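**Student:** when you get a sec, could you give me coordinates for this:
(chains A and B)
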Amino acid sequence: MTSNDPNAKRVFAMRQFFGGDNAQELLQYTPHCLYLGMEAVDAGPCFATLRLPYKDELVGDPVKGVVFGGVITTLIDHTSGLSVFCSLEEMRAIATLDLRIDYLRAANPGADLIGHAECYKMTSNVAFVRASAYETDRNDPFANCLATFMLGAHNQGSGVMTAMSEQGQAQASAQAPAKDAPK
Amino acid sequence: MNPLEAIPYARFLGVKIEETDDGLVCVLPFRQEIVGNANLPAIHGGVVGAFLELTAFMQLLAESEGERIPKSINFNIDYLRPAGPHETRGRAELVKHGRRIANVRVLAWQTDPNKPVAAGIGNFLL
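**Tutor:** Numbers count the residues shown, from 1 in each chain, chains lettered A, B, ... in the order given. Take a look at the predicted model:
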């Protein structure tokens, strides 16, 4: 990070999940992501990248084998939501307010799909995200997206917040020896 | 043939079509695998979006001559309420059916049709 990086001085609530291997944990408590076999590629300050492995069940055009447009919505919605979590300095529940997708071309049949999202603006109540989806080259996306998220939408928590508290507990129990442990 | 049967992703979601006096209604059954937030619980926003788009698609196929499968150009989703662990229903209307482009509007609700959970609007290339 350079000194004029606006994120350099920020302390992100999700920093322990930054990096691809750590970010995988964030998907573990979301049933639909597990069902689709979604994988974390990377996560960092204000961004997230996820992979959706190709499956025959996700096809919309059985002749060409192209994935249904709505599946791309799921990938992009989830990646966008994670990019908002990756922008928060304090954890808050979020909810998608609106999401608009442009389908630039058909996704390549049989290819895994990558979603990349960046939360480029955050106000006290709303987060603004731009996202795209591609097979291998981020400069050649098959879908582009703009989305907004409501912050502090509810107080029931989410899969990401479950992952955080699980990891918090794991760290706490690793640091503090159990009370009945031999001294 | 029911076009839903021909679309693998529609079978994956288990979407059904009902013919009602007010026209075609698509039904998305609830199951645990489509949950996006297990704490609420709520259906994944992406699945809600995909269901809206599928409903728009079905309406378009029902109302067009159907020699070619339409392609999505863009789709805009407004999330109005959390979609809870219930069956979701959707109805679409063709705002404009042009020669090359169709504009379709969709509304989805769960227990109360007057309390929609999501609204969608999209352009399709015919």
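
**Student:** drop to CA atoms for contacts and neighbour counts, all remaining ones
**Tutor:** OK.

**Student:** near chain A, which residues of chain B show up?
**Tutor:** Contact residues (C-alpha under 8 Å from any C-alpha of the partner chain) of chain B with chain A: B:6-12, B:32-40, B:44-47, B:49-51, B:53-54, B:72-80.

**Student:** can you pull out the strands in chain B?
**Tutor:** For chain B, the strands defined by DSSP state E cover B:16-20, B:23-28, B:35-37, B:42-43, B:71-79, B:88-97, B:101-109, B:116-125.

**Student:** for residue A:108, find the nearest of these.
**Tutor:** Nearest of the strands of chain B to residue A:108, taken as C-alpha to C-alpha: strand B:71-79 at 14.9 Å.

**Student:** can you get me a residue count around residue B:111?
**Tutor:** By the other C-alpha atoms under 10 Å in any protein chain shown criterion, the neighbourhood of residue B:111 contains 13 residues.

**Student:** can you give me the helices in chain A?
**Tutor:** A:20-23, A:31-36, A:69-85, A:159-175 (DSSP state H).

**Student:** and among the ones you listed, the most buried is which?
**Tutor:** Most buried of these, by mean neighbour count (mean count of other C-alpha atoms under 10 Å in any protein chain shown): helix A:69-85, with a mean of 27.

**Student:** which strands and helices sit next to that one?
**Tutor:** strand A:47-52, strand A:94-103, strand A:113-122, strand A:126-134, strand A:143-151, helix B:45-63 (3 or more C-alpha pairs under 8 Å, 6 or more residues apart in numbering or on different chains; DSSP states H and E).

**Student:** turn these into CSV, columns for mean pLDDT and distance to residue A:88.
**Tutor:** Converted to CSV, the helices and strands packed on helix A:69-85 look like this (pLDDT from 0 to 100; distance: least, C-alpha to C-alpha, whole Å):
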stretch, mean pLDDT, distance to residue A:88
strand A:47-52, 96, 11
strand A:94-103, 95, 10
strand A:113-122, 97, 9
strand A:126-134, 98, 10
strand A:143-151, 97, 10
helix B:45-63, 94, 20
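
**Student:** turn the ones you listed into TSV, columns for mean neighbour count and distance to residue A:40.
**Tutor:** As requested, the helices and strands packed on helix A:69-85 are exported to TSV (neighbours: other C-alpha atoms under 10 Å in any protein chain shown; distance: least, C-alpha to C-alpha, whole Å):
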stretch	mean neighbour count	distance to residue A:40
strand A:47-52	25	5
strand A:94-103	22	19
strand A:113-122	23	10
strand A:126-134	24	14
strand A:143-151	22	19
helix B:45-63	24	17
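
**Student:** could these be laid out in TSV, adding distance to residue B:28?
**Tutor:** Below are those laid out as TSV (distance: least, C-alpha to C-alpha, whole Å):
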stretch	distance to residue B:28
strand A:47-52	22
strand A:94-103	20
strand A:113-122	24
strand A:126-134	26
strand A:143-151	24
helix B:45-63	7
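
**Student:** wait, which of those is closest to residue A:73?
**Tutor:** Closest to residue A:73 of those, according to C-alpha to C-alpha: helix B:45-63, at 5.1 Å.

**Student:** so what touches that closest one?
**Tutor:** Under the contact criterion C-alpha atoms under 8 Å, 6 or more residues apart in numbering or on different chains, helix B:45-63 has outside partners A:69-71, A:73-78, A:96, B:3-4, B:10, B:24-26, B:28, B:34, B:36, B:69-70, B:75, B:77, B:79, B:83, B:90-94, B:104-108, B:118-120, B:122.

**Student:** which of those residues count as buried?
**Tutor:** Buried members of those, scored by 16 or more other C-alpha atoms under 10 Å in any protein chain shown, are A:69-71, A:73-78, A:96, B:4, B:10, B:24-26, B:28, B:34, B:36, B:70, B:75, B:77, B:79, B:83, B:90-94, B:104-108, B:118-120, B:122.

**Student:** hey, which helix or strand in chain B has the poorest pLDDT?
**Tutor:** When each helix and strand of chain B is scored by mean pLDDT, DSSP states H and E, helix B:3-6 comes last, with a mean of 82.
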